[in-house]
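Asks: fold the following, please.
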Amino acid sequence: MSENESTSLSQLIHDARGPLNRISMNAELIKLILENDMPKEKGIEALNKILIACQDCSQSLQNISEFNHGK
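Replies: All right, here's what the predicted structure looks like:
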């Protein structure tokens, strides 16, 4: 693997971590909301953010797959 390919792959992996971090943070938020009997709207907002982050992660994985097949 060339240095350019390695850098590109590292960037794609970095891009996939962002959505995973958002999923984790919002799951923690939902946990706090449920534990503290906070308004359910806050939980619904966090769940919507998780769903969007899942879609983003799926796209990042698709980009990694395309990069891998393009080699």
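Asks: in the protein, where's the longest helix?
Replies: helix 3-35 (DSSP state H).
Asks: can you list the buried residues in that one?
Replies: Neighbour counts over helix 3-35 (16 or more other Cβ atoms under 10 Å) mark S8, L12, D15, A16, P19, R22, I23, N26, L29, I30, I33 as buried. From N, CA and C alone the C-beta is placed, and that goes for glycine too.
Asks: what residues sit buried inside the next helix or strand after that helix?
Replies: Downstream of helix 3-35, the first helix or strand assigned by DSSP states H and E is helix 40-69. By neighbour count with 16+ other Cβ under 10 Å, helix 40-69 contains the buried residues G43, A46, K49, I50, A53, D56, C57, S60, I64.
Asks: quick check: the gap between E5 and S65.
Replies: 15 Å (Cβ to Cβ, to the nearest Å).
Asks: quickly note the distance from the residue nearest the centre of the chain to G43.
Replies: Geometric centre of the chain, nearest residue: P19, 1.6 Å, by Cα atoms, centre = their mean. Distance, P19 to G43, using Cβ to Cβ: 19 Å.
Asks: before we move on, back to that, could you report the pLDDT at the residue nearest to the centre of the chain?
Replies: In this model, P19 is scored at 92, pLDDT.
Asks: ok, it - contacts?
Replies: By Cβ atoms under 8 Å, 6 or more residues apart in numbering, P19 lies in contact with A53, C54, D56, C57, S60.
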